[in-house]
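**Student:** Give me the fold of what follows.
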Amino acid sequence: MRQWSQYSQITTTIIMKIQDYIQQNEARFMEEWASLIRIPSVSCQQEHKADMFRCAERWVELLKEAGCQKAEVMPSDGNPFVFAEYIPINENPKTVLVYAHYDVMPVEPLDLWKSNPWEPDIRDGRLYARGADDDKGQAMIQAKAFEYLVKEGLMNCHVKFIFEGEEEIGSPSLAAFMEKHRQLLKADIILVSDTSMIGKQTPSLTTGLRGLAYWQIEVQGPNRDLHSGHFGGAVKNPINALCEMLSQVVDDKGRITIPAFYDDVLPIPQVERDMIAKIPFSLNDYKAAIDVDDVAGEDGYSTLERNSCRPSFDICGIWGGYIGEGSKTVLPSKAYAKVSCRLVANQDHEKISKSFVDYMTQLAPKGVRVTITPMHGGQGYVCPIDLPEYKAAEKGFEVAFGVQPLAARRGGSIPIIADFERILGIKTILMGFGLEQNAIHSPNESMDLDVWRKGIVAVTEFYKNLSQPNL
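**Tutor:** Numbers count the residues shown, from 1 in each chain. Next up is the predicted model:
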């Protein structure tokens with residue numbers, strides 16, 4: 001990795017100016033950040049419907065104050081969107097569309113929080129609150145880098161902001177909004193800060209996300225629960241049938257057995273496998289952290305390859321019969337399971353979903369009826385690392401953190417990223433600053449303030465490198 005000492009004095013001076021701006025304005029930054037956190041914009045709870053509008057309106061105020069010539073709340077079929085725009089005076093500028101979300105997860109269980117989740121608490125170099133990282137903290141990184149460049153007369157890009165209030169419930173209104181406002185959202189690249197880095201000392205850019213397919217399975221046996229003594233061994237038990245079916249989906253090599261499942265799976269390029277091998281990783285620490293004595297997965301791949309670059313199948317929940325206190329000798333009428341596949345780029349979640357339904361139907365034994373309901377899904381995504389915009393982000397990280405960031409695929413899914421490319425025809429740069437210890441979605445969510453400040457520097461440098469590639 002290239003080290004900080006390799007950078008010129010002029011670059012160091014530029015960074016010092018950004019750092020000075022952050023230091024001089026940090027009290028204001030913190031209060032503005034807090035003003036967003038204090039609004040409980042929980043999208044999955046109807047009681048917070050008014051808070052969604054309050055949070056959107058607050059973002060409009062902040063983006064105008066940061067330098068946008070235009071900022072407004074825009075309606076949708078669900079929660080409102082925030083759209084803002086800055087147009088520079090130079091001709092033919094690059095257009096960057098910044099995406100973030102202002103909704104957050106519920107805070108329960110409250111008793112596990114060490115401080116009020118709706119009131120920021122700074123301790124040990126971290127800001128603790130719901131939304132500290134996901135995504136109010138990361139969106140503030142984008143807003144404050146933008147503010148600095150505008151205030152200093154250095155912003156040479158056409159910048160558009162689109163913030164939504166439904167990301168935590170699957171973005172049900174986003175695709176229709178994009179279809180309706182294609183021209184408004186037209187850009188050269190989309191910039192997203194809603195992902196994580198490998199570590200504080202190992203910055204990284206997310207270059208890939210897995211897709212997702214999710215189903216609920218219902219297995220119907222007899223028309224009522226039966227006495228297991230009178231009927232056991234003579235009537236097919238739906239729970240037994242469901243377990244038999246699911247046990248056949250993954251073979252002893254860790255391969256998924258759905259017909260044609262791997263037809264569109266692309267091999268991991270060797271250059272990428274080499275990069276993955278450079279990621280600091282201790283298998284013993286990994287096992288100890290989750291208290292397991294061994295790992296599992298597809299033969300021929302490392303743990304980091306399995307959980308980011310290869311598809312997987314998991315039973316997410318299974319139930320049926322009697323689960324109350326004591327015993328009840330019953331042969332249940334029905335059994336259920338919720339199952340999912342994490343997919344990789346080039347796999348079509350709708351095609352996989354249909355194949356799974358057909359496969360489960362074929363595996364169903366006589367004596368039961370199977371109903372499979374597709375619930376939701378999304379495509380995977382891979383960002384080419386030779387894009388000029390990727391290189392600009394890479395340089396931004398390198399300047400801010402002092403080392404070249406690793407390129408790393410992540411195992412999670414953000415279906416909207418594939419929607420951006422499908423509907424708008426635009427690639428996305430995933431420039432995220434989260435850390436695993438930030439505990440997003442959990443009690444005591446937090447943001448490392450040193451990383452937050454460096455994030456502002458990195459995004460600032462992204463814009464400068466994008467508009468002045470030879471700087």
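**Student:** biggest helix in the protein by residues?
**Tutor:** Ranked by residue count, the top helix of the chain under DSSP state H comes out as helix 9-37.
**Student:** Which other helices and strands does that one contact?
**Tutor:** helix 49-66, helix 136-151, helix 388-401, helix 449-467 (3 or more C-beta pairs under 8 Å, 6 or more residues apart in numbering; DSSP states H and E). Bear in mind the C-beta positions are built from the backbone N, C-alpha and C, glycine included.
**Student:** Out of the ones you listed, which gets nearest to residue 413?
**Tutor:** helix 136-151 (17.8 Å; C-beta to C-beta).
**Student:** Would you mind listing the buried residues in that closest one?
**Tutor:** 136-150 (16 or more other C-beta atoms under 10 Å).
**Student:** For residue 235, give me phi and psi.
**Tutor:** Backbone torsions for residue 235, taken as degrees, to the nearest 10, come to phi -130, psi 140.
**Student:** Spit out the contact partners of the closest residue in space to it that isn't next to it in sequence.
**Tutor:** Leaving aside its chain neighbours, residue 235 sits nearest to residue 222 (5.8 Å; criterion: C-beta to C-beta, 6 or more residues apart in numbering). By C-beta atoms under 8 Å, 6 or more residues apart in numbering, residue 222 lies in contact with 231, 235, 331, 333.
**Student:** Quickly find the element holding residue 222.
**Tutor:** Under the criterion DSSP states H and E, no helix or strand holds residue 222.
**Student:** Show the pLDDT at it.
**Tutor:** The model reports residue 222 with a pLDDT of 97.
**Student:** do residue 29 as well
**Tutor:** At residue 29, pLDDT is 98.
**Student:** And it, how far from residue 144?
**Tutor:** 6 Å (C-beta to C-beta, to the nearest Å).
**Student:** Find residues that contact each of those two.
**Tutor:** With C-beta under 8 Å, 6+ apart as the test, residue 29 and residue 144 both reach residue 22.
**Student:** re earlier: so which of the contacts of residue 222 belong to helices?
**Tutor:** Per DSSP H, the contacts of residue 222 map to helices at residue 231.
**Student:** Out of the contacts of residue 222, give me the one that has the most neighbours.
**Tutor:** residue 331 (24 neighbours; other C-beta atoms under 10 Å).
**Student:** Show me what it bridges to in the sheet.
**Tutor:** residue 226 (DSSP bridges).
**Student:** For the residue most central in space within the chain, give me its contacts.
**Tutor:** When C-alpha atoms, centre = their mean is applied to the chain, the residue found nearest the centroid is residue 414 (4.8 Å). Residue 414 sits next to 194-195, 209, 378, 381 when contact means C-beta under 8 Å, 6+ apart.
**Student:** and if we set it to 7 Å?
**Tutor:** residue 209 (C-beta atoms under 7 Å, 6 or more residues apart in numbering).
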